[in-house]
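>>> Return atomic coordinates for the entry below.
(2 chains)
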Amino acid sequence: MTELEQLAELIFPDVTETIEDLEKRYPERTLEEGAMVARFAPSPTGFLHTGSLFATLIAWKFPKQTQGVFYTRLEDTDTKREVAGSGEELLKQLAAFGILPDEGYMGTYEKGNYGPYKQSDREMIYRTVIKDFVKRGLAYPCFCSSESLTELRDYQEKHKLNPGYYGEFAKCASLTPQEAMAKIKNGEPYVMRFRSTGNYQNRVQITDLIRGDIELAQNDQHIVILKSDGLPTYHFAHLVDDHFMRTTHVTRGEEWLPSLPIHYELFEKAGWKRPNYAHLPVIMKLDNGNRRKLSKRKDPEASVSYFLENGYPVEGILEYLITIANSNFEEWRLQNMNADIFTFMLSFDKMTLDGALFDLAKVENICKERLSRLDKDTFTEKAYAYACQYDSKLKALIDRDVDYFKSIINIEREKENPRKDYVTYRDIYPMIHFFYADAYDTLLENELPFQFDRFTTEQIITVLQAFKSNMGLTYDENGWFENLKGIAEKCGFCPNVKEYKKNKEAYLGHIGDVSEMIRIAISTRKNTPNPYYVLQILGEKEVSRRIEKVIEKLNY
RNA sequence: GGCCAGCUGGUGAAGCGGUUUAACACAUCGCCCUCUCAAGGCGAGAUUCGCGGGUUCGAACCCCGUGCUGGCUACCA
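Numbers count the residues shown, from 1 in each chain, chains lettered A, B, ... in the order given. I've put the predicted structure just below:
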């Protein structure tokens, strides 16, 4: 046994498997040419961030459109920042957006042949690789205390040297295996470091799928790969996991770009094929004239749950995020108004380079557009799902009579240019509750917004009575309106607004005023969809009842 | 401090040396349509592409400086 092998045995006596065993257990995937394998690898440090949703959407879309594999992996190596239960919550929220992993960590269970998918369960795999690294002289134990490391940093800063553990400053790198073993036997605490042979003066060409070729300084840092708690650092876990899970495309935030030379060296020394990298821009927010990351603490829209709770349609959020990723999506959408969002092909070279400012107004516009294009059944289904979780009043309305609800929300829907009045599912209840008799009766307790400054109570009652005795509900929309004009004229109102304006003295008011009186009487509101549709839904009996109640209220 | 990335109207952006008088979408404003509203239609706003030089007959696009913004520089990811 060589000295390095003895050292490896001393540190990892429990490791019996070899890299070859791992290679066999996690074989290359058999996929179609061009199929991508990508992953969502969150840390369970809180709930889903809008920026993470953006990154996930991209990591999910590419495998999806190439018949590849999208998997999830829980990066729970930072035990200090871990929030209990958040991993599960993350997966639930993703599912709410229709993003379902093909394999991996599923929240409560795991699925797939490349697991475990929780880093804390992969300890033996990391140890197996590091044991091999030690034998090959690629990794070594470092006994430097955090105090001596701080001292080193201070020294380097004082002398304007690059900070870090490298070159001549990597003291433990020059320890002989014998010396190292002696220290270990002596019970000295240590971490495992990677032995870099890079030189900071050298440049390395790296390739990013979004940014193209970039030249960076070669890595020379002997980074920690195994922390004193026995868990790997991100860099090492990335190497091992993405290799043995056979990831083809690593998509991650652009904050990882500077550490790419580390990953290049890691893959090179391990002798493994490197994945492709795409570093995604971060979604920003304008704050006092400065751009900054969307912050969970300051911006409610930074939490995905905000959109869910407020009833934003998930397809609207997704669509907005795709617009940020590939702005040519908008053009595509204009050509394909009703097409499924997932038939759009996302591409890396169309990807934006700088972090977009999150634009709620645009999100809302897209949501409104999307909601208007759902057919009444789908709309109802989704509204109901939302209502069950977040809006009990809305749920009660739907439960009472689904078909009645559908007829209401179907006003001017399912047509070429549909009515667009809901931005979120939350908007539904306040807009439609007047359709329900009991809600109407409650609303009637408030002051009605009639124009009492222009019309007397008697005039209003006259109009309402005339309408009540001749509603014209059997006509079509135009016929109904013509009929209403006739009623208006009989009551002394001009059937034509323009004419009225020319000759105001001759009339009490115009057709719009009459229409408004009826609208208010049947809905208590000044703004509603065309009264014709409202009347059709309410039916003659209910309309009569409402008008009687209004007249009674006016007389009181 | 060092290294990296980015910088085109209020926002997302198109553009990749010459019909660009700088597309398109959102937002804003104006007008039109209209019985209210949601829409819809039409139109306006960047004297100009962070700034300064240069190359060129010609530059948002190429080169050089410079500024600003963001990121990285951990036994965090």
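>>> going forward, measure contacts and count neighbours with C-alpha atoms only.
Noted.
>>> Just the pLDDT for the residue in the stretch 151-300 of chain A that RNA strand B sits nearest to.
Proximity to RNA strand B, evaluated over the stretch 151-300 of chain A using Cα to the nearest atom of the strand, is greatest for A:E255 at 3.1 Å. Reported pLDDT at A:E255 in the predicted model: 91.
>>> Now do the SS call for it.
For A:E255, the assignment made with DSSP: H, G, I helix; E, B strand; the rest coil gives helix.
>>> Burial check on it, number of neighbours?
Residues contacting A:E255 under the criterion other Cα atoms under 10 Å number 11.
>>> For it, which residues are in contact?
Shown in contact with A:E255 (Cα atoms under 8 Å, 6 or more residues apart in numbering): A:H279.
>>> Just the pLDDT for A:G289.
At A:G289, the model reports a pLDDT of 68.
>>> swap in A:Y500?
In this model, A:Y500 is scored at 88, pLDDT.
>>> Contact residues of the stretch 301-450 of chain A facing RNA strand B?
A:323-325, A:327-328, A:330-331, A:350-359, A:361-362, A:365, A:417-422 (Cα under 7 Å from any atom of the strand).
>>> Need the buried ones from these selected in ChimeraX.
A single ChimeraX command selects the buried members of those (16 or more other Cα atoms under 10 Å):
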select /A:323,324,325,327,351,352,355,356,357,358,418,419,420,422
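>>> the strands in the stretch 201-350 of chain A, which residues?
Remark: strands assigned in the stretch 201-350 of chain A by DSSP state E, counting those that start in this stretch are A:203-208, A:212-217, A:224-226, A:249-253, A:276-280, A:284-287, A:290-293.
>>> Out of these, which one sits most buried?
Of all the strands of the stretch 201-350 of chain A, strand A:224-226 has the most neighbours on average by mean count of other Cα atoms under 10 Å, namely a mean of 23.
>>> residue contacts, A:R153?
By Cα under 8 Å, 6+ apart, A:R153 lies in contact with A:163-164.
>>> one step back: cross the residues of the stretch 301-450 of chain A next to RNA strand B against helices and list the overlap.
In helices, judged by DSSP state H, the following of these are found: A:323-325, A:328, A:330-331, A:361-362, A:365.
>>> Turn these into TSV, columns for pLDDT.
What follows is these, written out as TSV (pLDDT from 0 to 100):
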residue	pLDDT
A:T323	92
A:I324	91
A:A325	92
A:N328	88
A:E330	89
A:E331	87
A:A361	93
A:K362	94
A:N365	95
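>>> RNA strand B: which of these is nearest?
Looking at those and their distance to RNA strand B, the nearest is A:K362, at 3.4 Å (Cα to the nearest atom of the strand).
>>> What are the phi and psi values at the spatially closest residue to A:E123 that is not a sequence neighbour?
Residue nearest to A:E123 in three dimensions, not counting chain neighbours: A:L231, with 6.7 Å by Cα to Cα, 6 or more residues apart in numbering. When quoted as degrees, to the nearest 10, the phi and psi of A:L231 stand at phi -100, psi 150.
>>> sorry, back to before: just the ones in helices among the residues of the stretch 301-450 of chain A next to RNA strand B now: which is nearest A:T248?
Nearest to A:T248, judged by Cα to Cα, of those is A:A325 at 19.9 Å.
>>> and A:G167, how many residues sit next to it?
When counting by other Cα under 10 Å, one arrives at 18 neighbours for A:G167.
>>> next one: the one 10 residues further on
Using other Cα under 10 Å, A:P177 is surrounded by 21 other residues.
>>> And A:F169, by the same measure?
A:F169 is flanked by 17 other residues according to other Cα under 10 Å.
>>> contacting residues for it?
Residues in contact with A:F169 (Cα under 8 Å, 6+ apart) are A:L152.
>>> Would you state the strands of the stretch 1-150 of chain A in chain order?
Assigned by DSSP E, counting those that start in this stretch, the strands in the stretch 1-150 of chain A fall at A:37-40, A:69-72, A:103-105, A:110-111, A:139-142.
>>> Spit out the contact partners of the closest residue to A:R252 other than its chain neighbours.
Using Cα to Cα, 6+ apart and skipping residues adjacent in sequence, the residue nearest A:R252 is A:H279, 5.3 Å away. Neighbour list for A:H279: A:208-211, A:251-257 [criterion: Cα under 8 Å, 6+ apart].
>>> So what's the predicted local confidence for A:H279?
For A:H279, the model assigns a pLDDT of 94.
>>> If anything else comes up later, I'll come back, but that's it for now.
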